[in-house]
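Q: from the sequence below, what's the structure:
(2 chains)
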2 protein chains.
Amino acid sequence: MPVNLIAPNPADLLPVPGVELGVAMAGVRKANRRDLVVLTLAEGSAVAGVFTKNRFCAAPVQVCREHLAQGSAVRALLINTGNANAGTGADGLARARRSCEALAAQLGVKPQQVLPFSTGVIMETLPVERIEAGLPAVLAARQAAGWADAAQGIMTTDTLPKAASRQVQIGGRTVTLTGISKGAGMIRPNMATMLGFVATDAVIAPALLQPLVSEAADLSFNRITIDGDTSTNDCFMLIATRQAGHAEIGSLDAPEAKILRDALVSLAQQLAQAIVRDGEGATKFITVRIDGGRNEDECRRAAYAIAHSPLVKTAFYASDPNLGRILAAVGYAGIDDLDQGLIDLYLDDVHVARQGGRHPDYREEDGQRVMKQSEIGVRVDLHRGAASATVWTCDFSHDYVSINADYRS
Amino acid sequence: MPVNLIAPNPADLLPVPGVELGVAMAGVRKANRRDLVVLTLAEGSAVAGVFTKNRFCAAPVQVCREHLAQGSAVRALLINTGNANAGTGADGLARARRSCEALAAQLGVKPQQVLPFSTGVIMETLPVERIEAGLPAVLAARQAAGWADAAQGIMTTDTLPKAASRQVQIGGRTVTLTGISKGAGMIRPNMATMLGFVATDAVIAPALLQPLVSEAADLSFNRITIDGDTSTNDCFMLIATRQAGHAEIGSLDAPEAKILRDALVSLAQQLAQAIVRDGEGATKFITVRIDGGRNEDECRRAAYAIAHSPLVKTAFYASDPNLGRILAAVGYAGIDDLDQGLIDLYLDDVHVARQGGRHPDYREEDGQRVMKQSEIGVRVDLHRGAASATVWTCDFSHDYVSINADYRS
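A: Modelled structure (predicted):
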């Protein structure tokens, strides 16, 4: 029951010149399921990405990092669902490498020009031979208009595909950005990954891609939480095919860079929020904003303390304005010198607490009214500085437990 | 449905010379409910305690700290349920002080010789006049054998009272320790506190009580987690009436101190584990032990990452040996230079993962067998040092959501 989310209209997903996408059924874990996706990139493309900080990161994440560090031009991305190839030791690394070698051979490029991505059950052996066997079909299926199929092909526990496009004008040319993502957190037992891929034909110096993708991730995928579990396989990749025909953007300070950056952040936020809206068992979409912090870090910590608290999240599920739980979460966020006597709490426009205590004009029915909405804004003002931070999350329902307690099937 | 926990037999709860306990119904939040408890202490008693680190700590916690800091001899502890007096600002502080003044007047002592404790709903005004009105009854009810009643009187969402005793021989005398506790975490909407009180008649230098209670808390109440929410009101207090008649223990290095310390730690662990066994919705009791860390801090972080993960906890609830989730939790515990290739994972005696990957001899039915037990041991060896740490937790069930999503009633 996704919260105010609908499947994208395939016609709204704009091809990105230089990118082709193919999808096939390889039977990685189950038969008759689209579980293999390939993106091939035209010569001259550049790629950068951010990866999970989990030290138990999956074999494909390790191989991605290696291949990007080697600096060869990336020509293909290979994505499988059904198996995360995580917790698989040296054998898992060998299998991830073998999948790159197989695709590279078919494309006539070097293995380090392929980036592998896996999502699915942890600690089981990747059936790389099935992936190899599926490559001819997936390559044959490639098309520039393949974004909608690819969004569906990377789904695991998602109930809806997640994809969107943007177009901006840069140097008199139309520049396209199109992206897809899949669910994070609140994951079925056998699935545990957030994946995001955005491609653009903007002509941008390859060295600028990494700061751009890092900033966009920081303002989008790094601002969502469902259950606080950090996956072994999370990746967010930015591809620039550089075919739009305008003069190259050579500095992030250029006005053209700002146009591109704003479109990228907006697209990444839409894709990230779509993951929360489709969180397992989610019935409400909650925006948590902290104002008045000394720095952004402490604002984020306070926002995450609220967004991770099972007590807060079950209260949202129940539409119960038990708002002391929010204050308590701020209190244990690790801000050592926090003065509770300064804190204000708002639920949308309702002023709930002032100077650390219940606001004299607060009426429970006003809190109740906001809690019943499907989109809720929580705002806390710490009144100790000028920094702010926002995090998006969902509530915590019976269905979350049901979905995650189901035996893997 | 507490996990292997039964109500204590009142006959097993040994009086501590110098302590009397009274319980009464004061109607703090609901009528006909034991919600007021007083412990009075003989002259010559000493008290020390540890308190929540939550910056949004309740008014009574602030008053307790003030009174202990002033160094007056504590003669009474005043505990109410039904209202936490947290998130109540300056007015809450005034009401907590007024409750101490009222009890002090009845006992003929100074207000700073009374320590107040509250547990219940946050952000509502403490009805201090009802507490005042209940004092004569609670004082009249005092008796040395009042421990069982007191254990019941501090209950909120607990399904069973929690209490235990120990006796040890020190300097040819029998020394008694008796304690009570109430539930932490997985708290009903209107309740949110762990409280623990242990009294002993051991003759110990008052200055040694603080290090002793801190160490005991660190090995017991600070090793449990249910949902990761840190309450605004948590307290663990150690009372020494010093009436046992043996020579005073003047150093923690003395052999007599070790006898007392071991009994205290054992008692505190039993009281702390009882809270987990009675965790809201708990169906399993899980001991998480990390070995082979460089230091205890990183072991604790890894243990808590496992014990807090909703994905891990729902898998335990489902008896699903989806053990990659445990490895993933270790991976995001914040140990920056963790080498996943060294890690071993055991479920009781079953060797699940070796060198970061699935053990070749591991069979899912062996994992399944352990997961079905009501008491489960998880052990992770990081193989990077000699430090260890243990944490106790419970699983995460449908009932947790039901209990916490119920509208406050």
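Q: quick one: low-confidence ranges for the stretch 301-409 of chain A?
A: Low-confidence segments of the stretch 301-409 of chain A, defined by pLDDT under 70: A:404, A:406-409.
Q: quick one, strands of it?
A: Along the stretch 301-409 of chain A, the segments classed as strands by DSSP state E, counting those that start in this stretch run A:344-347, A:350-354, A:357-358, A:375-381, A:387-394.
Q: can you say which of these is nearest to chain B?
A: Smallest distance to chain B across these (C-beta to the nearest C-beta): 2.8 Å, for strand A:357-358. For glycine as for every other residue, the C-beta is placed from the backbone atoms N, C-alpha and C.
Q: name the helices or strands packed onto that closest one?
A: helix B:89-107 (3 or more C-beta pairs under 8 Å, 6 or more residues apart in numbering or on different chains; DSSP states H and E).
Q: what comes up buried for the helix it packs on?
A: Within helix B:89-107, the residues that qualify as buried by neighbour count (16 or more other C-beta atoms under 10 Å in any protein chain shown) are B:89, B:92-93, B:95-100, B:102-104, B:106-107.
Q: with pLDDT and distance to chain A added, can I get those residues in TSV?
A: Output for the buried residues of helix B:89-107, formatted as TSV (pLDDT from 0 to 100; distance: C-beta to the nearest C-beta, whole Å):
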residue	pLDDT	distance to chain A
B:Gly89	90	3
B:Gly92	95	7
B:Leu93	96	10
B:Arg95	98	11
B:Ala96	98	13
B:Arg97	98	16
B:Arg98	98	16
B:Ser99	98	17
B:Cys100	98	20
B:Ala102	98	22
B:Leu103	98	24
B:Ala104	98	25
B:Gln106	97	29
B:Leu107	98	30
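Q: what's the most distant pair in these?
A: For the buried residues of helix B:89-107, the farthest-apart pair by C-beta to C-beta is B:Gly89 and B:Leu107; their separation is 28.4 Å.
Q: ok so, going back, would JSON lines of the strands of the stretch 301-409 of chain A with mean neighbour count be doable?
A: Formatted as JSON lines, these follow (neighbours: other C-beta atoms under 10 Å in any protein chain shown):
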{"stretch": "strand A:344-347", "mean neighbour count": "22"}
{"stretch": "strand A:350-354", "mean neighbour count": "21"}
{"stretch": "strand A:357-358", "mean neighbour count": "23"}
{"stretch": "strand A:375-381", "mean neighbour count": "19"}
{"stretch": "strand A:387-394", "mean neighbour count": "22"}
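Q: number of nearby residues for A:Thr125?
A: 13 (other C-beta atoms under 10 Å in any protein chain shown).
Q: show the contacting residues for the closest residue to it other than its chain neighbours.
A: What sits nearest to A:Thr125 in space, not counting adjacent residues and going by C-beta to C-beta, 6 or more residues apart in numbering or on different chains, is A:Thr88, at 6.5 Å. Counting by C-beta atoms under 8 Å, 6 or more residues apart in numbering or on different chains, A:Thr88 makes contact with A:Ala58, A:Ala59, A:Arg95, A:Met123, A:Glu124, A:Thr125, A:Leu126, B:Gly357, B:Arg358.
Q: and if we set it to 7 Å?
A: A:Ala59, A:Met123, A:Thr125, A:Leu126, B:Gly357 (C-beta atoms under 7 Å, 6 or more residues apart in numbering or on different chains).
Q: how about it: which residues does it bridge to?
A: B:Gly357 (DSSP bridges).
Q: got a pLDDT number for it?
A: Turning to A:Thr88, the model gives it a pLDDT of 90.
Q: tell me how far it lies from B:Val61.
A: According to C-beta to C-beta, to the nearest Å, A:Thr88 and B:Val61 sit 48 Å apart.
Q: so what's the residue nearest to A:Arg384 when sequence neighbours are not counted scoring on pLDDT?
A: Spatial nearest neighbour of A:Arg384, excluding adjacent residues (C-beta to C-beta, 6+ apart): A:Arg294 at 5.5 Å. Reading off the confidence values, A:Arg294 has pLDDT 97.
Q: okay, now A:Arg294: neighbour count?
A: 14.
Q: from memory it sits against A:Gly385, does it?
A: Yes. Assessed by C-beta atoms under 7 Å, A:Arg294 is found in contact with A:Gly385 at 3.8 Å.
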